[in-house]
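here is my input, please return the structure:
(one chain, ligands or ions: 2)
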Amino acid sequence: MSASIGQSIEEAKRHLLEGHLVAVPTETVYGLAANALDGKAVAGIFEAKNRPQFDPLIVHVSSLENAAELLEEIPPAASTLAKKFWPGPLTILLPKRPVIPDLVTAGLGRVGLRNPDHPLTQQLLQALPFPLAAPSANPFGYVSPTTAQHVNDQLGSKISYILDGGSCRIGIESTIIGWENGDAVIYRLGGLSTEVIEEAIGPVRIQNHSSSRPEAPGQLLRHYAPKKKFFLGDIDTLLHSVKPKNPGILSFQKRTVPSPSFHQALSERGDLQEAAKNLFTMLREFDRHNIDCVIAEEVPNRGLGRAINDRLRRAASPEY
Ligand code: TXA
Ligand code: MG
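Residues are numbered from 1 along each chain as shown. Ligands and ions are numbered 1, 2, ... in the order given. All right, here's what the predicted structure looks like:
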């Protein structure tokens, strides 16, 4: 069964006011949204995604002023970041007010807030009397969706409406930042690069890894998992050692590959932004093709490349 898909803000609003789920476009990935202040509606998100309730949700707001109504306080560094990068791919963790149900934050004291940079979702947020809780609109543990079609393919039967805003401009999830004893910590590398954040507020610590009780379960090692076996390293060396009969190959740039194989280049001209935008669509493509495994290489480890490599390493991780 498929959801109804369209571009009507009115329609999206009607479903959300009734407590139903609507998939919404953002500049990073599509989100699976519900009224963030309604515990029952939020419970529906966990159910549709098959998401464990220890994994908290990001809350989407339309301005810093709206964010302030949900928070105990906004420290100066947080307000600097929000003023500079919102709307944009940055989620800020701050102490929440009780108005945010505990289910949204999985009982944690901080809520992750973000103002997404997509015209349709901006309009929708401005038209609604509440903020939107929205994780990425994919089944838990799978690759995030960057088109309305991706959402419909996997969650169509569980969603009232998909607001179609085209393909996501950035293509990987937001960067998540918070503070511990006054020090800035990045919990998830994402669409806003560490370099750009450090220019604004000085040095940050990256705590992008965790195993047992993750502060941000996006840190779970095997989290962006395509279904095919995934090898990451030097492509020629891997082809030689794994000896697949019919491999999928994911390279950063244009290159020659053996035949038969199914090859995709993240960016033929070696552009990291283009690579980020293509990443999740290409991972999904491999799952649709009749290949033995995927052999992939890392991209240059700077700017958005760090977030891309993070997703590739998780896809390749044998652990859950
Ligand atoms: O770009 C994005 O961030 C997209 C779009 C839809 O906004 N959302 C997204 O949500 O990627 P999700 O749920 O797939 O990933 C959010 C991550 C999770 O790893 C979650 O654990 C972490 O953010 N997170 C959310 N709220 C948190 C909190 N209060 N404390 C710690 N981590 C939190
Ligand atoms: Mg997700």
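
what residue in the stretch 51-200 of the chain comes nearest to ligand 1?
Of all residues in the stretch 51-200 of the chain, the one sitting closest to ligand 1 is Pro135 (2.9 Å; CB to the nearest ligand atom). Heads up, the C-betas are built off the backbone N, CA and C, glycines and all.

pretty sure that residue is touching Leu57, no?
Yes: the pair formed by Pro135 and Leu57 meets the contact definition of CB atoms under 8 Å, at 5.2 Å.

shared neighbours, the two?
Jointly contacting Pro135 and Leu57 under the rule CB atoms under 8 Å, 6 or more residues apart in numbering are Ile45.

look at the two and report which has more neighbours.
Neighbours were counted for Pro135 and for Leu57 using other CB atoms under 10 Å; Leu57 has more, 27 against 22.

just confirm the more buried one contacts Val42, I think it does.
Yes: Leu57 lies in contact with Val42 (CB under 8 Å); the separation is 6.9 Å.

if I look at those two, which residues touch both of them?
36, 104, 133.

among the residues you listed, which ones are in strands?
Of those, the ones assigned to strands by DSSP state E are Ala133.

using a markdown table, lay out the shared contacts of Leu57 and Val42 together with neighbour count and distance to ligand 1.
Below are these laid out as a markdown table (neighbours: other CB atoms under 10 Å; distance: CB to the nearest ligand atom, whole Å):
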| residue | neighbour count | distance to ligand 1 |
| --- | --- | --- |
| Ala36 | 28 | 11 |
| Val104 | 25 | 8 |
| Ala133 | 28 | 9 |
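
for the shared contacts of Leu57 and Val42, which one is nearest Ala68?
Taking CB to CB as the measure, Ala36 is the one of the shared contacts of Leu57 and Val42 closest to Ala68, at 14.8 Å.

against Ala82, how distant is the closest one?
Distance of Ala36 to Ala82, given as CB to CB, to the nearest Å: 17 Å.

how much space between the residue of the stretch 51-200 of the chain closest to ligand 1 and Ser2?
On the measure of CB to CB, Pro135 and Ser2 end up 21 Å apart.

doesn't Glu27 make contact with Asp117?
Yes: taking contacts as CB under 8 Å, Asp117 lies within contact range of Glu27: 4.4 Å.

what do those two both touch?
Contacts common to Asp117 and Glu27, judged by CB under 8 Å, 6+ apart, are 87-89, 169.

quick one: which of these has the most company?
Within those, neighbour counts (other CB under 10 Å) peak at Pro89, which reaches 28 neighbours.

correct me, but that one touches Thr28?
Yes: with contacts counted by CB under 8 Å, Pro89 reaches Thr28, the gap being 5.0 Å.

overlap in contacts of the two?
By CB under 8 Å, 6+ apart, the residues touching both Pro89 and Thr28 are 170, 173-174, 190-191.

same list, the residues you listed, but only the ones touching ligand 1.
173-174 (CB under 6 Å from any ligand atom).

so which of the shared contacts of Pro89 and Thr28 belong to helices?
Among the shared contacts of Pro89 and Thr28, none falls in helices (DSSP state H).

including neighbour count, distance to Leu124 and pLDDT, could the shared contacts of Pro89 and Thr28 go into TSV?
Formatted as TSV, the shared contacts of Pro89 and Thr28 follow (neighbours: other CB atoms under 10 Å; distance: CB to CB, whole Å; pLDDT from 0 to 100):
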residue	neighbour count	distance to Leu124	pLDDT
Ile170	22	19	98
Glu173	27	19	98
Ser174	27	18	98
Gly190	28	22	98
Gly191	26	20	98
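
re the thing from before, among the shared contacts of Asp117 and Glu27, which lie within strands?
Per DSSP E, those never map to strands.

now tabulate the residues you listed in a markdown table and tack on distance to Gly156 and pLDDT.
Converted to a markdown table, those look like this (distance: CB to CB, whole Å; pLDDT from 0 to 100):
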| residue | distance to Gly156 | pLDDT |
| --- | --- | --- |
| Pro87 | 27 | 98 |
| Gly88 | 29 | 98 |
| Pro89 | 26 | 98 |
| Arg169 | 23 | 98 |
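
could you dump those residues into a markdown table and include distance to ligand 1?
Below are those laid out as a markdown table (distance: CB to the nearest ligand atom, whole Å):
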| residue | distance to ligand 1 |
| --- | --- |
| Pro87 | 11 |
| Gly88 | 10 |
| Pro89 | 6 |
| Arg169 | 12 |
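
greatest separation within the residues you listed: which pair is it?
Pro87 and Arg169, at 11.7 Å, using CB to CB across the shared contacts of Asp117 and Glu27.

list residues touching both of the two?
In contact with both Pro87 and Arg169: 27, 117, using CB under 8 Å, 6+ apart.

if I read this right, Ala307 contacts Ser174, doesn't it?
No: if you go by CB under 8 Å, Ala307 and Ser174 don't touch, sitting 9.7 Å apart.

which residues do those two both contact?
190-191.

relative to Ile295, how far out is the residue of the stretch 51-200 of the chain closest to ligand 1?
Taking CB to CB, one finds Pro135 at 30 Å from Ile295.
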